[in-house]
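Novice: Generate coordinates for the sequence data below:
(chains A and B)
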Number of protein chains: 2
Amino acid sequence: MRAVVMHTPGDVRVENRDDPTIIDQTDAIIRLTATCICGSDLWPYRGVEPVDHTNMGHEYVGVVEQIGTDVKTIKVGDFVVGSFVISDNSCEICQAGYPSKCVHAEFVSMTIGTQSELARIPYADGTLVATPGQPDADLIPSLLAASDVLGTGWFAAVAAEAGPGKVVAVVGDGAVGLMGVLAAKQLGAERIIVMSRHADRQTLAREFGATDIVEERGADGVARIKELTDGLGAHSVIEAVGTEESMLQAIRSTRGGGHVGFVGVAHEGLSLPLDELFFAEVHLLGGPAPVRRFLPDLIQRIWNREIDPGKVFDLTLPLEDAAEGYKAMDERRAIKVLLTI
Amino acid sequence: MRAVVMHTPGDVRVENRDDPTIIDQTDAIIRLTATCICGSDLWPYRGVEPVDHTNMGHEYVGVVEQIGTDVKTIKVGDFVVGSFVISDNSCEICQAGYPSKCVHAEFVSMTIGTQSELARIPYADGTLVATPGQPDADLIPSLLAASDVLGTGWFAAVAAEAGPGKVVAVVGDGAVGLMGVLAAKQLGAERIIVMSRHADRQTLAREFGATDIVEERGADGVARIKELTDGLGAHSVIEAVGTEESMLQAIRSTRGGGHVGFVGVAHEGLSLPLDELFFAEVHLLGGPAPVRRFLPDLIQRIWNREIDPGKVFDLTLPLEDAAEGYKAMDERRAIKVLLTI
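Specialist: The predicted model follows:
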C-alpha cells in the first residue's frame, strides 16, 4: 500500500509499505476513503517533536475490509469513522466518558498512521463507529472531521461547559478552534468570541457561529474580552493552541468559577505558573479528546446535515501529494488539508 | 485593642492598636470570641512570603458590636462566622457560587487581620453569617473552623466531586487535609485514602472518616493509590499542601477524567508542567475557597452537632500567647492553634 512517511522534519514522502494484517482478533482492517493532515502533524514537521521515518496520520474514515473473530459490532463493508485514540469502550474509564484514557488507549499517530490506503485498527468495536449507511460523497469531509478535529473542538466546548446563556471565548483560530466555535453554537452558547487576526478564518468562524472577533492578543486581548463581558471575563473559554501564552490567555479571559477547555497539544518543557492557576479559580479540563464518546452523536448530526464541519478543509489533494499538503499548512496557505485516497 | 503583629519573619508580638471604626456603611465591627493561626500564616513566619509589621489573621467568630446604616441582615448582638475573603454575595460571580472571586473580593489577611480583639468587616451582609442563636461554648471551635479551614477542606472535596461511590485521596495531612477528609465523608464518599506519615494526624484522619492511610510519597505514593484502585487512580483527589510536588502527586493519583480539588496556597515561582496537565486529562479546580457559599450549610451541620471539625484544634492559647502558637505550629507540635480572646 501507499503511505505517508516523514523521514525527518520537513521531509514528507509517499512510499510503499506492506499491507497491514489482523494481529489481534479484536482488530479490523479498513480501506481508507479519506484522511487528513492535523495541526499536530506540523510539530514534527517543524522539528518541535522528534520524527524518524514515521508513518503519519491519525484521522480516518473508510470501509471495513476485514475483521478479527472477536469483532462483534463492526462488519465487513461498513463505512466507519474512528477516533484518533484506540479504546475498548468497555473499561471503567471509557464508561465514565474518557475513552482517550482507556486502559487500552493507544495513539493512532504513534503506532499506526492513517495517511495510507489501509490501516489496522485495534479494538475495532471500541474505536470505530459505523455510519447509518454508505455516505454521500459530500458528507465524507464532515465525517472525516469527526475523527479528530471536530471531536476535539466539541470536547473543548463541552469541557468549557459552553451552553445556553454562556459567553464563550475561543483562543486559537486554527481548525480545532473553528470546530470549537461550531460546537459552542450547537451547544446553545449565547455569544461566541473568537480571537483571530486572519480574515479568512474570521469569515469561517462567523459561518460556524461566532458573534464577535477579537484581534488583540496578550493583555490587550484579555482586556477586550473583559470589556465584552461586563468586566467579568467569559464563562467558557476554549484553548486550541497549546502554548504557555495561549493557556494564560485562556485562563485570564475566564471569569472566576468559569471553565477552560484546553485541547491545544502541549509540549514537553512548557509550564504554567501554579500561583496564577490557584488565584484564577477557574475549572480546567483538557487533554486528548475522548472523541469516541461523541462520535455517535456527531455522525448523526452530520448525517442529518445539521452541521457541516467539512468546510474546515480548504484544500483537497490526492494522497500522493501529501508533501504539498504539509507545506501548505505549514505556510498557513491552508487551514486544514484533506487527502483523498 | 490588642492585636497580633508580625514584625519580621518569626517575630510575632501582641501589641496595642487603635480600635477599628465603621468606614463604609456596609461595614460591621465585631468583637472576636476566638480566632486562630492558619497554615498559610506560616509562610510569612518562615520568610517564604514577605511580611512587615503586618496585622495577622483571617479566621474569626464573634459578636457584632456595631453596624453601618446599610447593613440589613446582620444585627448588633448577633454571633457571626465570617469568610476569610470579603464578598458582597450579590454580584454575578457570588451568585454563581464563587464569592472568593467577588467583584468586591478582599483578603481579610491582607487588609484587616483578625488575630485581634476587634475587627472591621466590610460588606458585612455579604461576608458574615449569623448563627441561629448564641452558641454553647463547646461549639465555638467548630464554628471558628468553618471560617476557613473547614470551608476550605469542604470546597476541596466539592471541587474534587467527592461523593457516593467515589474513592477519594487526600494529599496533605495538615488541618485543611483533615477537614477534606471530614467533608468527603459527609459528602458520602465510599473510601477515603489519606497520605500521611504522622501517627497523631492519622488517628484524627480516621476519626474524621479516613478508611486507608498511605505513608509512601512521590512515585511510590502514586503506585500505592493505583494499587488500591484497580490500577486506575482515585476518582477524586484533594490537594492541601500547595507545592509542585503535592500538585503532581495529586494529578498523578487521579484517574483519567477524575477530579482534583486543590486548595494548598501556591506561591510565586512554582509551576506545573503543561504537557503533564494535558495528558493526565483530569478536571482541576482550586483556589481560595468560596467559604461564604458553604457557611449556612456548615453552620447548620455544626449547630446540629452532625460534625465536630473543632477537633482539628489541638492547642488552645490566649491571644497574648500568639507567639507560642506560631512556634508550636511551625515546629509541628500542633496541627492548628485556637486563640481565645
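Novice: quick one: contacts for the closest residue to A:Leu187 other than its chain neighbours?
Specialist: Leaving aside its chain neighbours, A:Leu187 sits nearest to A:Ala162 (4.7 Å; criterion: C-beta to C-beta, 6 or more residues apart in numbering or on different chains). Every C-beta, even on glycine, is put in place using the N, C-alpha and C of the backbone. By C-beta atoms under 8 Å, 6 or more residues apart in numbering or on different chains, A:Ala162 lies in contact with A:168, A:183-184, A:187-189, A:236, A:238, A:261.
Novice: and A:Ala162, helix, strand or coil?
Specialist: Of the three states, A:Ala162 takes coil under DSSP: H, G, I helix; E, B strand; the rest coil.
Novice: pLDDT score for it?
Specialist: In this model, A:Ala162 is scored at 98, pLDDT.
Novice: Any chance of the backbone angles for it?
Specialist: phi -60, psi 140 (degrees, to the nearest 10).
Novice: how far away is it from A:Trp154?
Specialist: 10 Å (C-beta to C-beta, to the nearest Å).
Novice: Show me the common contact partners of these two, please.
Specialist: With C-beta under 8 Å, 6+ apart, A:Ala162 and A:Trp154 have common neighbours A:Ala183.
Novice: which residues does the residue nearest the centre of chain A contact?
Specialist: Centroid check for chain A by C-alpha atoms, centre = their mean gives A:Val149 as the closest residue, at 2.5 Å. A:Val149 sits next to A:36, A:38, A:59, A:175-176, A:179, A:309, A:312, A:336 when contact means C-beta under 8 Å, 6+ apart.
Novice: about what we covered before: from the contacts of A:Ala162, list the buried ones, please.
Specialist: Buried positions within the contacts of A:Ala162, assessed by neighbour count (16 or more other C-beta atoms under 10 Å in any protein chain shown), are A:168, A:183-184, A:187, A:189, A:236, A:238, A:261.
Novice: In the stretch 151-300 of chain A, where is pLDDT below threshold?
Specialist: Applying pLDDT under 70 to the stretch 151-300 of chain A picks out no residues at all.
Novice: OK, now which residue of the stretch 101-250 of chain A is nearest to chain B?
Specialist: Proximity of the stretch 101-250 of chain A to chain B (C-beta to the nearest C-beta) peaks at A:Lys101, 2.5 Å away.
Novice: same check, this time on the stretch 201-341 of chain A
Specialist: Nearest residue of the stretch 201-341 of chain A to chain B (C-beta to the nearest C-beta) works out as A:Gly256 at 2.5 Å.
Novice: now, the most widely separated pair of the buried ones among the contacts of A:Ala162?
Specialist: The distance between the two most remote of these (C-beta to C-beta) is 12.2 Å, for A:Ala189 and A:Gly261.
Novice: hey, what's in contact with both of the two?
Specialist: A:157, A:162, A:236.
Novice: and the residues you listed as CSV, adding distance to B:Thr211?
Specialist: Shown next, in CSV, are the shared contacts of A:Ala189 and A:Gly261 (distance: C-beta to C-beta, whole Å):
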residue, distance to B:Thr211
A:Ala157, 38
A:Ala162, 38
A:Ser236, 36
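Novice: which residues touch the residue lying closest to A:Asp19 once chain neighbours are set aside?
Specialist: Nearest non-adjacent residue to A:Asp19, counting by C-beta to C-beta, 6+ apart: A:Met1, 5.1 Å away. Counting by C-beta under 8 Å, 6+ apart, A:Met1 makes contact with A:16-20, A:116-118.
Novice: ok, and the most crowded of those?
Specialist: Neighbour counts for the contacts of A:Met1 peak at A:Ser116, which has 28 neighbours (criterion: other C-beta atoms under 10 Å in any protein chain shown).
Novice: how distant is stretch A:169-187 from the center of its chain?
Specialist: Distance of stretch A:169-187 from the chain centroid (C-alpha atoms, centre = their mean, to the nearest Å) equals 11 Å.
Novice: That should have said stretch A:130-137, apologies.
Specialist: 21 Å.
Novice: Need the distance between the two termini of it.
Specialist: From its first residue to its last, stretch A:130-137 covers 16 Å (C-alpha to C-alpha, to the nearest Å).
Novice: ok, residues contacting it?
Specialist: Applying C-beta under 8 Å, 6+ apart, the contact partners of stretch A:130-137 are A:64, A:73-75, A:78-81, A:143, A:299-300, A:303.
Novice: May I see the buried residues of it?
Specialist: Buried residues in stretch A:130-137, defined by neighbour count with 16+ other C-beta under 10 Å: A:130-131, A:135.
Novice: same question, stretch A:261-270
Specialist: For stretch A:261-270, by 16+ other C-beta under 10 Å, it's A:261-266, A:270.
Novice: Closest one of the contacts of A:Val149 to A:Ile29?
Specialist: A:Glu59 (17.4 Å).
Novice: now the helices for the stretch 101-250 of chain A?
Specialist: Remark: helices assigned in the stretch 101-250 of chain A by DSSP state H, counting those that start in this stretch are A:108-111, A:124-127, A:140-146, A:149-159, A:175-186, A:199-208, A:218-227, A:244-252.
Novice: Would you mind pulling up the elements that the fifth one packs against?
Specialist: In other words, helix A:175-186. Here helix A:175-186 touches helix A:149-159, strand A:167-171, strand A:191-195, helix A:199-208, strand A:234-239, going by 3 or more C-beta pairs under 8 Å, 6 or more residues apart in numbering or on different chains; DSSP states H and E.
Novice: so the first one versus strand A:191-195, what angle?
Specialist: Right, helix A:149-159. 120 degrees (axes from the mean of the first three to the mean of the last three C-alpha atoms, to 10 degrees).
Novice: how distant is helix A:149-159 from the center of its chain?
Specialist: Relative to its parent chain, helix A:149-159 has a centroid offset of 7 Å by C-alpha atoms, centre = their mean.
Novice: now do the fourth one
Specialist: The gap between where helix A:199-208 is centred and where its chain is centred comes out at 18 Å by C-alpha atoms, centre = their mean.
Novice: what does it contact?
Specialist: A:170, A:173-174, A:177-179, A:181-182, A:185, A:194, A:196, A:210, A:213, A:311-312, A:314, A:335.
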